[in-house]
Each structure stands twice: as C-alpha cells, then as structure tokens.
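Novice: Give me a model of this one.
(chains A and B, ligands or ions: 2)
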Amino acid sequence: MATRKILLANDHIPGIQTYEVYRRQGGYRSVEKALKNMSPDDVVEEVKRSGLRGRGGAGFPTGMKWSFLAKPEGVPRYLLCNADESEPGTFKDRYLMERIPHLLVEGMICASYALGCRASYIYIRGEYKWIVKILERAIEEAYANGWLGENILGSGYSLDLYVAPGAGAYICGEETALIESLEGKRGNPRIKPPFPALKGLWDCPTVVNNVESICAVAPVINDGAEAYAAVGVGKSTGTKLISACGNINNPGVYEIELGLPVEEFIYSDEYCGGIKNGKQLKAVVPGGSSVPILPAQLILKTANGENRLLTYESLADGGFQSGSMLGSGGFIVYDEDQCIVRNTWNFSRFYHHESCGQCSPCREGTGWMEKVLHRLEHGHGRMQDVDLLVDIASKIEGNTICPLGDAAAWPVASAIRHFRDEFEWHVREPQLSQQRNYGLAGQTLATV
Amino acid sequence: MNNNPHPSIEFSLEMMAEVERIKGQFPEGKQKSALLRVLHLAQEEAGGWLNIPVMNQVAKMLGIQPIEVYEVATFYTMYNLEPVGKYVLEVCHTGPCAIEGAERIIGYLEQKLGIGVGHTTPDGMFSLKTVECMGACGYAPMMQVGEFYHEKLSEEKIDRFIEDCKAGKVNVGSWKIDKLAIN
Ligand SMILES: Cc1cc2nc3c(=O)[nH]c(=O)nc-3n(C[C@H](O)[C@H](O)[C@H](O)COP(=O)(O)O)c2cc1C
Ligand code: FES
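Specialist: Ligands and ions are numbered 1, 2, ... in the order given. This next block holds a predicted model:
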C-alpha cells in the first residue's frame, strides 16, 4: 500500500524551510481560503467533517474539541500548540517543525481564526532550542509577508503568534501542566473540571492541540474535509506520522495512511525494513512508552486472528487484555535479544523521574515500581514482587489528577501480563538472568 | 542550591533587549510567563548555572517574588543549580536509546573523562549528565551539548568530539536569537 503523503508531500523539496519555496509549493493557500471564503464556524465544521483526531496521544476529535470552546463576550481565547514532544519513542513533531516550519504556522493561523484567537502560542520543549529559532524565523517571514499581524489579507482578522520554550519536564506535555508552565510556573497539572475550554491560560478559554493535529488543518481546509476523510479507514481518517525506532533496519519518521497493516509497516522496505541483523521480532510498544507493550503475535494479529492495522480502533482491539493504543505514534520495536524486565525498569525510572509529585499514588508508586523492578532486573527479586508490581500499578491507575499515573502503570501492567514468565525467570535464575537474556522463550504460552 | 552571597550580577544590554522582546509577547500583567525563557538567558550569561543572586535579579526584572523564581528553577531539569563545566554532555538513557547502547556510551564517557555522571572534570571543561528521552530515539544513542544534538554516537565520534572541544572548535549555540544556529 503506497501511502498518499499529505503532511510530508513536499518535505523533500530543497529550501522548503524558507517562505519563498514553501509559498511557491502552494503554501498558505488554506489561509487565503479560510479568511476570504469561510466563517470561523465554517472552518470548525470542515475540521469536524474531516474526522481529524488529535495526534498528541488521546485521539480526541479535533473539530469537536474546538466546538467546546467557551466564547464569553470580551474575554480573549487562546490556542496553544503542544510541541512538548517528550513521550519516549516519539520524534515526529520535531521532524515537522524542522523540515516544514511554515506548515505549522499556516495551520496555526487557520486554527486560530476558527477559534477566534487574537494571540496564540507554540509551547515547545526547551531542549529543541534550535527549533525555537527555526520557528521564530518562519513566523518572522509570515509577518513580513502579511500572514500574521493586523488585518490579515484585509479580512479584518488579526493574529499574533509566539514561541514559548519549556525547560525540561515531560509533564508539561499534559495540557494543564503546559498551561501552568506557560504562565511561568512549575508544571503541576490542574484539577479538572474546569476544563481548559472554559478556564485555561490566565483563566481564559483555551484549546491545546498537538503539532501534527494543527499541521493537518491546512490540508483539510485546502482540499476539503471529504478529500481528507477519503484517506484512512472508518473513524481513523487521514494520515499519521509514525516515528519508528528500536531494533529495525530503517528507523525514522514515516507518514502512513491510517489502516496500513502493522506487519507491512515493520517488514516493508518502504518503512522499517524489517528487524535488524536478521533477528526475530519479540515485542512492540506502538504508541509511545505509555501504551501497553504487545508481544510479536499480538502486534501482528489481534486475539481474533485479524490483521492488526495502524488505526486507533485496530490497535486498541482486545482492550488492555490483548490490545494497545495508537497513542502518539512512537513505535518502538524490540528484537529477541531485548530484556523486557530491563526495559520495564527503564521506563518506570523515567516515570518516577518525571512525576510532578502532587499526587501520592504517582509520586510514591512510581518510585516503588522503579525500586522493585531494579531489584528484579539485578537478580535480587522475590517471586511475590511480580504480583506486588501489578498491585502497585493498579493502585496508581485512575487515582491521580492527570494521566501520568496511568501512563506509568500501563507499561508495567502490560509487560507482566504478556511476559510474566520472563519476570519469574529473573527470580528463579538470578545468576543466569545477569548473563543472558530470556529471548523468545515462553512467549506463546503467555499470550494465548 | 548554592547560596553563596555573590555580588549581584549585571546582565548584558543584549540580554536585556531580548528580555524586553520576550516580555512583549504576553499581555499586560502576565510578564511572569516570560520566566522560563528569561531563566535560560540568565543561566547562559551566568556561566551555565543559576545561583541565588542571579535568580533574585531575574525576579526583579519580571516584577515577581524571588520564591516564584526558585520554585521554577528547582522544577525543570534544564536549569543547573550547581556550577557546571564549559561543555555539558547530556546523554539520553531512556528505553529506545538504551536499546541502542546508551549505557555503553555513558560508561565510555565516564572512563574517558575520568568522572561519574553528575560530575565535572577538575579543569572545569566537561560535565556529564544523563537525561530522559530527547526526541531523537530513531537516531540513538544521542547527547545534547548546548544548543545541538549529537546523534548516532559511537566511541569514535565521541573521541573526535572531545578533541574538538579541547581545540575550541565546538559551537554550543545560544538562547539569544540574533546568534542564529549554524547547522
Ligand atoms: C503526561 C502526559 C504527557 C503528554 N505529552 C504530550 C506531548 O508531548 N505532546 C502532545 O501533543 N500531547 C501530549 N499529551 C497529551 C495532551 O495532554 C493533550 O491531550 C494533547 O496535546 C491534545 O492535542 P491533540 O488533541 O491535538 O492530540 C500528554 C499527556 C500526558 C498525560
Ligand atoms: S530515548 Fe533517547 S532520545 Fe528518545
């Protein structure tokens, strides 16, 4: 299945980073169309009908999110672009911003017009320092050519666009933590409700959208909702950027048509190009470190024996018993030599490090999981540790202000669900487990 | 946090202009929003880390209480609260990088520099830090030094990099916008 490129149609063109080349390729047409021929509500409707869903992880329909935005008289509204991109395995937004920064600027203008914003911000992780400059240069060019500022294209609509860097905190990708951070505070998520649509940045109505979601608005407006919705399968319309990494031949960022079979994505030379060094596939984390890990059989086929597809629905098929999530599209591939216990320990160290510390279940629980996994991995585990981990994870999940707690619990719970025998082997064979990995042993047993 | 009663610091005119530009991006009365970016600038001017006088000065510039600055400086990992070396090597050790040998790279750097993670060489040239996923998982292993990423690291690449640092040939970039990136 050759993918129609929507976001990355022009990313290979030399100089596409610059305004001149971008414009020559048809850039900013969506802004002309929206501001001249459409009302803000028309733009919202168009995005709704396109079926576009949030590309940041949760997959919430973008047009619907926009229609929830409160519009009280005389109160400014804000659109915030979430460019925090810190979910392990995810490096797609960076690709978009580095390669085609004007696409994000274009999408921001259309989306801000639809929402009636006078000022919008791109909140970007501080480590992407050089991209801050790429974006600010693109924004400067957009101002110079009349796409930003006062009375854009004589339409009476005015917009200012700014870039705001963070300073190193995964939690600031969570939308209310992002808002706190943009207010110059610690990134502590807020209790919801009130939702940002009612009270967000400086207590004003706010929409937070992922970089890729906002970029997709430009082609939706350009080519129309129907054309966008014609790509993809069912409720997974359009294309998705997948950042693939781990033990594969061709790591990188790929734009796929939603509905591509996972097997084709992993083995086709057009995408991952198969497992490196002729090894066998052991497991995949398909949507960033927070989503459940699946063993080879279950990532290629659902429990019902259907081909697993890269769609929101297919990846979630089977629930947490035998499925996972599309998430952010951070696709991490593990070969037969990888140790699941070690990887789970690594991820739980990440969540412990990144917990903001507000909620006890998350602050304490992530630390306990890290410690218990550390001792299992280092040959000091006890058999009851495996169930202890399941117990801790279940007590974090659902008991925290923000979903970081769930994100920390799921990788542990799913690793034990599908690879329990490998955890137990670490307890039974503490010496051996220090010298070699478990390989693929016992996998079929664990997953049927 | 180092509480050394340092004489208060003078920021450059260049930085002050940049601070004004950033403050102008936010509505009247919301200048606190500039804090994260101003702290990056301040850290750069203060030699790579934030001490109390520097943070107090930032508070004054933004019209907020010093405690509001300390709260933020202690939350985010990019702010250093202790002195660091001229080149801060921040190596990612999260899952995808670990698969590709991040731990080996960290071990190699520790051995080569003769310091552990979290430490600075006695000559003040290098600090070694581990960091969490940097959004470069497909180009692992990786490290950030100043503004830029160094990806697909190998022992040979590190040897060359350290030589280049010693020869003063490594560009660490800047938060100041007029010093544009060169790569
Ligand atoms: C701990 C945590 C981290 C998150 N990190 C990101 C992120 O880096 N980028 C992102 O777009 N969304 C992230 N999200 C999801 C956002 O909260 C939010 O749902 C998203 O930005 C909405 O945009 P979308 O509807 O366009 O996907 C994160 C959520 C949580 C709970
Ligand atoms: S895991 Fe190292 S950059 Fe993502």
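
Novice: mind checking how far the residue in chain B positioned nearest to ligand 1 is from A:Asn346?
Specialist: Residue nearest to ligand 1 within chain B (Cβ to the nearest ligand atom): B:Gly135, separated by 9.0 Å. C-betas here are computed from N, CA, C, even on glycine. To A:Asn346, B:Gly135 is 17 Å away according to Cβ to Cβ, to the nearest Å.

Novice: again, but for B:Ile162
Specialist: 27 Å.

Novice: try A:Gly27
Specialist: Taking Cβ to Cβ, one finds A:Gly27 at 41 Å from A:Asn346.

Novice: State the helix or strand in which the residue nearest to A:Val372 when sequence neighbours are not counted lies.
Specialist: Beyond its immediate neighbours in the sequence, the residue positioned closest to A:Val372 (Cβ to Cβ, 6 or more residues apart in numbering or on different chains) is A:Asp385, lying 5.2 Å away. For A:Asp385, the host element (DSSP states H and E) is helix A:384-396.

Novice: quick one: strands adjacent to the helix or strand encompassing B:Leu89?
Specialist: Taking DSSP H and E as the definition, B:Leu89 sits inside strand B:87-92. Using DSSP bridges, the strands paired with strand B:87-92 in its sheet are strand B:126-131 (parallel), strand B:143-145 (antiparallel).

Novice: Most tightly packed of those?
Specialist: Ranked by mean neighbour count, the strands paired with strand B:87-92 are led by strand B:143-145 with a mean of 23 (mean count of other Cβ atoms under 10 Å in any protein chain shown).

Novice: and for it, what are the contacting residues?
Specialist: Outside of strand B:143-145, the residues within contact range by Cβ atoms under 8 Å, 6 or more residues apart in numbering or on different chains are A:127, B:87-92, B:105, B:131, B:134, B:149-150, B:153, B:161, B:170, B:172.

Novice: Kindly supply the ChimeraX command isolating those of the residues you listed that are buried.
Specialist: Paste this into ChimeraX to select the buried members of the contacts of strand B:143-145, with burial taken from 16 or more other Cβ atoms under 10 Å in any protein chain shown:
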select /A:127 /B:87,88,89,90,91,92,105,131,134,149,150,153,161,170
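
Novice: if we can go back for a sec, B:Ile162 and A:Asn346 - which one has more neighbours?
Specialist: Comparing B:Ile162 with A:Asn346 by neighbour count (other Cβ atoms under 10 Å in any protein chain shown), the higher total belongs to A:Asn346, at 25 against 18.

Novice: quick one: contacts for the more buried one?
Specialist: By Cβ under 8 Å, 6+ apart, A:Asn346 lies in contact with B:93-95, B:98.

Novice: Provide the secondary structure category for it.
Specialist: helix (DSSP: H, G, I helix; E, B strand; the rest coil).

Novice: Check it and give its pLDDT.
Specialist: pLDDT for A:Asn346: 98.

Novice: quick one, what contacts the closest residue to ligand 2 within chain A?
Specialist: Distances between chain A and ligand 2 by Cβ to the nearest ligand atom are smallest at A:Pro88, namely 5.1 Å. By Cβ under 8 Å, 6+ apart, the contact list for A:Pro88 reads A:288-289, A:330, A:332, A:347, A:350, B:94-96, B:132-133, B:137.

Novice: May I ask which helix or strand encompasses the residue lying farthest from the centre of chain B?
Specialist: Residue farthest from the centre of chain B, counting by Cα atoms, centre = their mean, is B:Glu28 at 29.5 Å. Following DSSP H and E, there is no helix or strand that holds B:Glu28.

Novice: just B:Gly124 next, same as before
Specialist: Counting by DSSP H and E, B:Gly124 is part of no helix or strand.

Novice: Verify the stated contact: it with B:Tyr87.
Specialist: No - using Cβ atoms under 8 Å, B:Gly124 is not in contact with B:Tyr87, being 9.9 Å away.

Novice: Nearest residue to residue 176 in space, please, no chain neighbours.
Specialist: No chain in the question, so chain A it is. According to Cβ to Cβ, 6+ apart, the nearest residue to A:Thr176 is A:Arg190 (3.9 Å).

Novice: not quite, I wanted chain B
Specialist: Per Cβ to Cβ, 6+ apart, closest to B:Lys176 is B:Glu18, 5.7 Å.

Novice: residue ranges of the helices in chain B, please?
Specialist: Using DSSP state H, the helices of chain B run over residues B:13-23, B:35-45, B:52-62, B:66-73, B:95-99, B:102-113, B:155-166.

Novice: List the buried residues for the second one?
Specialist: Which is helix B:35-45. Result for helix B:35-45 [16+ other Cβ under 10 Å]: buried residues B:35-45.

Novice: Likewise for the third one?
Specialist: Buried residues in helix B:52-62, counting neighbours by 16+ other Cβ under 10 Å, are found at B:52-59, B:61-62.

Novice: One more: the last one?
Specialist: By neighbour count with 16+ other Cβ under 10 Å, helix B:155-166 contains the buried residues B:158, B:161-162, B:165.

Novice: So which residue is dead centre in chain A?
Specialist: Centre-nearest of chain A using Cα atoms, centre = their mean is A:Ser328, 2.3 Å out.

Novice: quick one, what contacts that one?
Specialist: A:55-57, A:87, A:89-90, A:92, A:210, A:287-288.

Novice: filter the residues you listed to the buried ones?
Specialist: Buried among these (16+ other Cβ under 10 Å): A:55-57, A:87, A:89-90, A:92, A:210, A:287-288.

Novice: Tell me the one of those residues nearest chain B?
Specialist: A:Gly89 (5.4 Å; Cβ to the nearest Cβ).

Novice: Not counting sequence-adjacent ones, nearest residue to the closest one?
Specialist: A:Gly330 (2.9 Å).

Novice: The one you found: how many residues sit nearby?
Specialist: Using other Cβ under 10 Å, A:Gly330 has 29 neighbouring residues.

Novice: Can you read off the backbone torsions of the residue of chain B closest to ligand 1?
Specialist: Here is the backbone geometry of B:Gly135 (degrees, to the nearest 10): phi 80, psi 40.

Novice: gap between A:Ile179 and A:Tyr78?
Specialist: 9 Å.

Novice: Kindly report the same for A:Tyr143.
Specialist: For A:Tyr143 relative to A:Tyr78 (Cβ to Cβ), the value is 19 Å.

Novice: out of these two, which sits in the busier spot?
Specialist: A:Tyr78 (23 against 14).

Novice: residues in contact with the more buried one?
Specialist: A:Tyr78 touches A:117, A:119-121, A:200-201, A:204-207, counting by Cβ under 8 Å, 6+ apart.

Novice: try it again with 7 Å
Specialist: By Cβ atoms under 7 Å, 6 or more residues apart in numbering or on different chains, the contact set of A:Tyr78 is A:117, A:119-120, A:200-201, A:204, A:206.

Novice: ok, so of those, who is nearest A:Ala413?
Specialist: If you rank the contacts of A:Tyr78 by distance to A:Ala413 using Cβ to Cβ, A:Gly200 comes first, at 31.7 Å.

Novice: The closest one: what's its closest spatial neighbour, skipping adjacent residues?
Specialist: A:Thr206 (2.4 Å).

Novice: doesn't A:Cys81 make contact with that neighbour?
Specialist: No - if you go by Cβ atoms under 7 Å, A:Thr206 and A:Cys81 don't touch, sitting 11.5 Å apart.

Novice: So which of the buried ones among the contacts of A:Ser328 sit within strands?
Specialist: Among the buried ones among the contacts of A:Ser328, the members falling in strands (DSSP state E) are A:Asn210.

Novice: how about a markdown table for the buried ones among the contacts of A:Ser328, with distance to A:Lys279 and pLDDT added?
Specialist: What follows is the buried ones among the contacts of A:Ser328, written out as a markdown table (distance: Cβ to Cβ, whole Å; pLDDT from 0 to 100):
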| residue | distance to A:Lys279 | pLDDT |
| --- | --- | --- |
| A:Arg55 | 31 | 98 |
| A:Gly56 | 32 | 96 |
| A:Gly57 | 29 | 94 |
| A:Glu87 | 26 | 98 |
| A:Gly89 | 19 | 98 |
| A:Thr90 | 24 | 98 |
| A:Lys92 | 25 | 98 |
| A:Asn210 | 33 | 98 |
| A:Gly287 | 23 | 97 |
| A:Gly288 | 23 | 98 |
